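> sequence and predicted model, in that order:
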Amino acid sequence: MKTRFYTHPICREHLTPPGHPERPDRLRVIVDRLDDEPFAYLDRREAPLGEEAAVLLAHPRQHLDKVKAAIPEEGLARIDEDTTVSPKSFEAALTAVGGATAAVDDVFSGEAGNVFVAARPPGHHAEKTRAMGFCLFNNAAIAARHAQRAHGVERVAIVDWDVHHGNGTQDIFWDDPSVLYCSTHQMPLYPGGGAREETGAGNIVNAPLAPGSGSDAFRQAFDTLVLPAVERFAPDLIIISAGFDAHRRDPLAEINLEAEDFDWATGKLMDKADRLSQGRLVSLLEGGYDLQGLAVSVAAHVGRLMKG
């Protein structure tokens, strides 16, 4: 089955202040890298504009309206000290949602075997009622809820290897045993939390990594905590919150992964999806702020997805 790739130019029009790490160039380097010859057979599509109703699968109307009201007619506006919006940010955020839900539809319809969505703003820090950490709406949470509502899925596993803990995803599914949330992340680090003892309704698996950790610690956490949890849960769909800021070059953290580690983790989750989820796997871009590290890591990730 083919690998599908969603992105959209509108996602580059979500603007941030000069020097901000979450910047439009992130998508530019991804698109440029995936134009290389090894990706000639990647099924490229423009992400569709999502519906506000999809946002409401994971967030209350009050949150959606608050984000919409924060969008300026010109210039930039701050939601918090880290999170900025510009005139096209709401449309970009809805397009990120649209890409995530379309990806879910694709793997259930058989249109694609797996899907990678490169959109911004990212999502995993967006809590049920709070935009934060560069994130407005929680794309992975919305995708999981969409799978349950539109496709009758009982169990969804979200695996988050972004170097920052996905507090938003954990918040949304804290007491919901129908969604497994597993996270590897540096601790201590923004946004705080993500301790092993935070287990929700038994559906939260946190695997914190100490600053300076590298491949061995990351792979051990995957092998001993994340993969066994996914195996026990037996999900109908696996969603990856694919942040690449655990790469050694990234300026916002102190984990020392290489592109090969993302290749390896992708392959492990594909094996689980093949055995447990009829191969259904959706990957959504989260962080990754060194452009070179981001490009090589995404190339490794997508290259593994394409190997099937």
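Sure, I can see it. Numbers count the residues shown, from 1 in each chain.
> quick one: contacts for the closest residue in space to Val179 that isn't next to it in sequence?
The shortest distance from Val179 to any non-neighbouring residue, by C-beta to C-beta, 6 or more residues apart in numbering, is to Phe173 (4.3 Å). Every C-beta, even on glycine, is put in place using the N, C-alpha and C of the backbone. Phe173 sits next to Ala141, Ala144, Ile158, Val179, Tyr181, Gly200, Asn203, Ile204 when contact means C-beta atoms under 8 Å, 6 or more residues apart in numbering.
> wait, which of the residues you listed is closest to His247?
Of all those, the one with the least separation from His247 (C-beta to C-beta) is Ile158, at 20.8 Å.
> report all helices and strands that the host helix or strand of that closest one contacts.
Ile158 belongs to strand 156-160 when assigned by DSSP states H and E. Strand 156-160 sits against helix 139-151, helix 167-173, strand 179-186, helix 227-233, strand 237-242, with contacts defined as 3 or more C-beta pairs under 8 Å, 6 or more residues apart in numbering; DSSP states H and E.
> any chance of those in TSV, plus distance to Pro251 and mean pLDDT?
TSV is the format used below for those (distance: least, C-beta to C-beta, whole Å; pLDDT from 0 to 100):
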stretch	distance to Pro251	mean pLDDT
helix 139-151	23	98
helix 167-173	21	98
strand 179-186	13	99
helix 227-233	29	98
strand 237-242	19	99
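> wait, which of these is closest to Ala112?
Comparing the helices and strands packed on strand 156-160 by C-beta to C-beta, strand 237-242 comes nearest, at 12.9 Å.
> can you give the strand pairings for the closest one, parallel or anti for each?
Strand 237-242 sits in its sheet next to strand 156-160 (parallel), strand 281-285 (parallel), going by DSSP bridges.
> ok and the last one relative to helix 139-151, angle-wise?
In terms of direction (axes from the mean of the first three to the mean of the last three C-alpha atoms, to 10 degrees), strand 281-285 departs from helix 139-151 by 150 degrees.
> now the element after strand 281-285, going C-ward?
helix 291-307.
> which one of the strands paired with strand 237-242 lies closest to Val67?
strand 281-285 (18.4 Å).
> now find how far off-centre the closest one is within its chain.
Between the centre of strand 281-285 and the centre of its chain there are 6 Å (C-alpha atoms, centre = their mean, to the nearest Å).
> about what we covered before: how about a markdown table for the helices and strands packed on strand 156-160, with distance to Leu64 added?
Converted to a markdown table, those look like this (distance: least, C-beta to C-beta, whole Å):
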| stretch | distance to Leu64 |
| --- | --- |
| helix 139-151 | 11 |
| helix 167-173 | 14 |
| strand 179-186 | 20 |
| helix 227-233 | 30 |
| strand 237-242 | 21 |
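> those: which one's closest to Ser215?
Taking the helices and strands packed on strand 156-160 one by one with C-beta to C-beta, strand 179-186 is closest: 12.0 Å.
> got the buried residues for the helix or strand where Gly99 lies?
Gly99 belongs to helix 89-109 when assigned by DSSP H and E. By neighbour count on 16 or more other C-beta atoms under 10 Å, the buried set for helix 89-109 is 89-108.
> how about stretch 175-184?
Buried residues in stretch 175-184, counted by 16+ other C-beta under 10 Å: Asp176, Ser178, Val179, Leu180, Tyr181, Cys182, Ser183, Thr184.
> try stretch 189-208
Neighbour-count burial for stretch 189-208, counted by 16+ other C-beta under 10 Å, picks out 189-191, 193-194, 198, 200, 203-208.
> pLDDT check: weakest of those residues?
Across those, the bottom pLDDT score, 94, is held by Gly193.
> tell me the SS of that one?
coil (DSSP: H, G, I helix; E, B strand; the rest coil).
> give me every residue that touches it.
His165, Asn167, Gln170.
> do Gly287 as well
Glu22, Pro122, Phe134, Asp162, Val163, His164, Gly243, Phe244, Asp245, Asp250, Leu252.
> distance check, it against Tyr41.
In this view, Gly287 and Tyr41 are 28 Å apart by C-beta to C-beta, to the nearest Å.
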